[in-house]
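# With the input below, show me the fold.
(2 chains)
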Protein chains: 2
Amino acid sequence: MLDFRFDNKTEIIFGKNTENQVGTETRKYGKKVLLHYGGGSIKKIGLYDRIIASLKDAHVDYVELGGVKPNPRLSLVQEGIDLCKKHHIDFILAVGGGSVIDSAKAIAMGVLYDGDVWDFFSGKGQIEAALPIGVVLTIPAAGSETSAGTVITNEEGWYKRPTGSLLLRPKFAIMNPEITYTLPAYQTSCGSVDIMAHVMERYFTNTQHVDLTDRLSEATLKTMIHNVPKVLRQPEDYHARAEIMWASTVAHNDLLGTGRQSDWASHDIEHEISGIYDIAHGAGLAIVFPAWMKYCLKHNPNKLVQFAVRVWDVDYLPEDHEGVALEGIRRFEAFLKSIDMPIRLSDADIPEDRIEEMATKAVGDGTMGSYVPLNKEAIIDILQLAK
Amino acid sequence: MLDFRFDNKTEIIFGKNTENQVGTETRKYGKKVLLHYGGGSIKKIGLYDRIIASLKDAHVDYVELGGVKPNPRLSLVQEGIDLCKKHHIDFILAVGGGSVIDSAKAIAMGVLYDGDVWDFFSGKGQIEAALPIGVVLTIPAAGSETSAGTVITNEEGWYKRPTGSLLLRPKFAIMNPEITYTLPAYQTSCGSVDIMAHVMERYFTNTQHVDLTDRLSEATLKTMIHNVPKVLRQPEDYHARAEIMWASTVAHNDLLGTGRQSDWASHDIEHEISGIYDIAHGAGLAIVFPAWMKYCLKHNPNKLVQFAVRVWDVDYLPEDHEGVALEGIRRFEAFLKSIDMPIRLSDADIPEDRIEEMATKAVGDGTMGSYVPLNKEAIIDILQLAK
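Reported below is the predicted structural model:
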């Protein structure tokens, strides 16, 4: 186990009707907020009206900025920054999923920075201040509701880049599983793959002696495997929705990453796919992760064997580690297919002609990942395995 | 799943030599601290000297109060309160295990209260303020390093009573597994039982649909089952010590209690035993918990079957739930014996003549616990099963 620091300062407010507490929670931190959201879905389900009512009840003033898209765009972030400066906003309330929260985080740090906010993503700037943020979560997926990170896409060149700081961690996250009843099945599945991927990026490590976090990770994966099919069959299954929503936070608040090196190569490879093709992040991960596993199997099978035995209940065979691991990957792929996810580039109508370009954008002449460090050729191999 | 609020604001600073950061961490909150500890062990292992050096390096002034005993006493708490008032202490640094931390918490709230600090334990007072607290943990057991609770024993009548407030949660907890190398085997085992008990008090619930927290709980229990025997064989196994130390926090920071009713009857029954006989809390729990399970089996077997199958790998048999559960309890008892814990009152030389007195003190004419609500007769039955 490696040395680590850990805390989880975001207050989770979880359960039915909790969105009605947003006004009083917000009022603890700000008087004039930017209400940031995506498309029209929060209006259609009545969530928007409940939030406005709660803010008004608590005498919180607000300015609105909707229109966040999946793979949130730098241009809207810049618009938000201008809006905050103009209206002297002191708090940002993100109502949505990871894209809205990530966009809110980028705005929060951009408002208190004199330069171009993209500096933080390109490595030119250091985050030294940010407006406080609150969240009403509508899509369990990204884990951004308690994380310190954000991922933004720059339309000039379609670069999708992450950055992070503890200053970006939301003050509170309101999580009502009922709000997720109306999520389309496809979005539920994509979000679920993202949640599982957050666990797996931490699970696949060369750090030895990580027994507790391994077992907690396996517990979280099994919870997803058990509950995602339930909500696809019965979208208004409150308890299964609640399990998925709570798992989304546990998967990414970094409890599961304590004391161990994480990988993140699959996420980085996926960012290049969804940066170019605008496929949902979770669907991209469903394509990349099995291919990444098949590639890693040749170089570092150990954890893949454990994954197969403990998560997918494959019988352990000491004489056939490769066979055990492959059966684990096969069951993972079967699960992904059963929740209607693409598992090959072709399933998502992604052509093969820009594989080398994606690999180059992802890693250049360097390497990424740690479970098996990957150079450009390795990433090309992985994307070939994903054809 | 029930509605809940959750955060984990204590900053965990985990790993080798982390005690050397205590000065700089303390300096963030206070200038003049009460250095609170137990017996001479922290001096014998050199920890005391390293802490003093770190405080001095960070220009933190300190007043000392040692002498905390297991089942920490109200009289020392009152002495600490007087000392803090006299020296205008603004921060309490607890160096020790749960007893020292609990004593520090009681002092922290007593300093800012005009009445008798016992009021908070007897239900007469409401905790409205407390000095900030920091921890250097030496015994993984109580989980008090991130919890909001404290348990103090009033020597007048030997009442052992809990109280709690989010105001009591430590600001930071420094956790270096190396410090636990010199823990006597008995203390290691007692602490480990306490950790497992913290999981089980939450695990045994009637709240339905708690899949994630069930699985996380089982993961934590399995981690303990796997690692405790290791450190008893090899006390300087860093990684096994680290697993136990990290599990002690995960078991009791209430992640595992989110969205579910907890029980705590076994803890409350044990408090009466250790309140009278001054047996180590963990040893008392090793006696009470199996007896509690045997009693509950007659009234509410469901979770005991799950415990047997998932934690102790007992084969599930639909036609013999009682047999499955009993085999789980038997394996739990065998594990406790294998780590040299008493599992009967007689193993700890506790006579049977005060069973009714303990039951009366524990519950009076009311009930305790929720998995199976227990009245005085039920507690007598449980203590009879523990003979």
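
# going forward, measure contacts and count neighbours with C-alpha atoms only.
Will do.

# which strands and helices sit next to the longest strand along chain A?
Looking across chain A with DSSP state E, the single longest strand is strand A:4-14. Applying 3 or more CA pairs under 8 Å, 6 or more residues apart in numbering or on different chains; DSSP states H and E, one finds that strand A:4-14 contacts strand A:172-175, strand B:4-14.

# Give the phi and psi angles for the residue most central in space within chain A, as a check.
Taking CA atoms, centre = their mean, the centroid of chain A lies closest to A:Ala142, which sits 2.3 Å from it. Per-residue torsions, A:Ala142: phi -70, psi -20 (degrees, to the nearest 10).

# And the pLDDT for the closest residue to it other than its chain neighbours?
Spatial nearest neighbour of A:Ala142, chain neighbours left out: A:Gly98 (4.9 Å); criterion: CA to CA, 6 or more residues apart in numbering or on different chains. You'll see A:Gly98 listed with a pLDDT of 93.

# Would you mind measuring from A:Gly98 to chain B?
20 Å (CA to the nearest CA, to the nearest Å).

# list the contacts for that residue?
With contact taken as CA atoms under 8 Å, 6 or more residues apart in numbering or on different chains, A:Gly98 is in contact with A:Ile139, A:Ala141, A:Ala142, A:Gly143, A:Ser144, A:Glu145.

# Among the residues you listed, which one sits closest to chain B?
A:Glu145 (12.5 Å; CA to the nearest CA).

# Tell me the helix or strand right after the strand or helix carrying A:Val324.
Using DSSP states H and E, A:Val324 sits within helix A:321-338. Sequence order places helix A:355-363 as the next helix or strand after helix A:321-338, per DSSP H and E.

# Name the nearest residue to the closest residue to chain B within the stretch 251-387 of chain A, ignoring sequence neighbours.
Nearest residue of the stretch 251-387 of chain A to chain B (CA to the nearest CA) works out as A:Gly259 at 8.4 Å. Distances taken as CA to CA, 6+ apart place A:Leu2 nearest to A:Gly259, at 4.2 Å, with adjacent residues excluded.

# in a helix, that's where A:Gly23 is, yeah?
Yes - according to DSSP: H, G, I helix; E, B strand; the rest coil, A:Gly23 belongs to a helix.

# how about it, what does it touch?
Neighbour list for A:Gly23: A:Ile51, A:Ser54, A:Leu55, A:Lys56, A:Asp57, A:Ala58, A:His59, A:Val60 [criterion: CA under 8 Å, 6+ apart].

# Do I have it right that the last one meets A:Leu34?
Meaning A:Val60. No - A:Val60 lies out of contact with A:Leu34 (CA atoms under 8 Å); the separation is 10.5 Å.

# So between these two, which is more surrounded?
In this view A:Val60 and A:Leu34 are compared by other CA atoms under 10 Å in any protein chain shown, and A:Leu34 has more residues nearby, 27 against 17.

# tell me the phi and psi of that one?
The phi/psi pair for A:Leu34 (degrees, to the nearest 10) reads phi -90, psi 120.

# Thought A:Val95 was touching it, still the case?
No - the criterion here is CA under 8 Å, and A:Leu34 misses it with A:Val95 at 10.4 Å.

# is chain B contacted by the helix or strand encompassing A:Val136?
Secondary structure assignment for A:Val136, by DSSP H and E: strand A:133-137. No - residues of strand A:133-137 are not located near chain B by CA under 8 Å from any CA of the partner chain, the shortest gap being 14.1 Å.

# So chain A: which segments form each domain?
What automatic domain parsing lists as the domains of chain A is A:11-178, A:183-385.

# Strands along chain A, start to end?
For chain A, the strands defined by DSSP E cover A:4-14, A:32-37, A:61-65, A:91-96, A:133-137, A:149-154, A:159-164, A:172-175.

# among those, which is nearest A:Asp119?
strand A:159-164 (9.9 Å; CA to CA).

# Partner strands of that closest one, with direction?
strand A:149-154 (antiparallel) (DSSP bridges).

# Only alpha carbons, please: show the strand it pairs with as PDB.
Written as PDB, here are the backbone C-alpha positions of strand A:149-154 (Å, rounded to 0.1, in the frame of the first residue of the first chain):
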ATOM      1  CA  GLY A 149     -11.500  17.000 -11.600                       C
ATOM      2  CA  THR A 150     -13.100  18.400 -14.800                       C
ATOM      3  CA  VAL A 151     -12.800  17.500 -18.500                       C
ATOM      4  CA  ILE A 152     -13.500  20.100 -21.100                       C
ATOM      5  CA  THR A 153     -13.500  19.900 -24.900                       C
ATOM      6  CA  ASN A 154     -11.800  22.700 -26.900                       C
END
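
# Could I get the average pLDDT for that strand?
Averaged over strand A:149-154, pLDDT sits at 93.

# what's the answer for stretch A:53-61, then?
So the average pLDDT for stretch A:53-61 ends up being 98.

# can you pull the buried residues of that stretch?
Within stretch A:53-61, the residues that qualify as buried are A:Ser54, A:Leu55, A:Ala58, A:Val60, A:Asp61, counting by 16 or more other CA atoms under 10 Å in any protein chain shown.

# Next: stretch A:287-305.
Within stretch A:287-305, the residues scored as buried using 16+ other CA under 10 Å are A:287-297, A:300-305.

# got it, and stretch A:199-210?
For stretch A:199-210, by 16+ other CA under 10 Å, it's A:Val199, A:Met200, A:Glu201, A:Arg202, A:Tyr203, A:Phe204, A:Thr205, A:Asn206, A:His209, A:Val210.

# quick one: contacts for the nearest residue to the first one once chain neighbours are set aside?
When the adjacent residues along the chain are set aside, A:Val199 lies closest to A:Ala251, with 5.3 Å between them (CA to CA, 6+ apart). Counting by CA under 8 Å, 6+ apart, A:Ala251 touches A:Gly143, A:Ile195, A:Met196, A:His198, A:Val199, A:Ser217, A:Thr220.

# mind running it again at 7 Å?
Shown in contact with A:Ala251 (CA atoms under 7 Å, 6 or more residues apart in numbering or on different chains): A:Ile195, A:His198, A:Val199.

# Then A:Tyr238?
Neighbour list for A:Tyr238: A:Pro177, A:Glu178 [criterion: CA under 7 Å, 6+ apart].

# Lowest average pLDDT across the strands of chain A?
Lowest mean pLDDT within the strands of chain A: strand A:159-164, a mean of 89.

# and the angle from that one to helix A:355-363?
On the basis of axes from the mean of the first three to the mean of the last three CA atoms, to 10 degrees, strand A:159-164 is oriented at 20 degrees to helix A:355-363.

# ok, residues contacting strand A:159-164?
Strand A:159-164 is contacted from outside by A:Phe120, A:Phe121, A:Ala148, A:Gly149, A:Thr150, A:Val151, A:Ile152, A:Thr153, A:Asn154, A:His271, A:Gly275, using CA under 7 Å, 6+ apart.

# Counting neighbours, what do you get for the closest residue to A:Thr138 other than its chain neighbours?
Closest residue to A:Thr138 apart from its sequence neighbours, by CA to CA, 6+ apart: A:Gly96 at 4.8 Å. Neighbourhood size, A:Gly96 [other CA under 10 Å]: 23.
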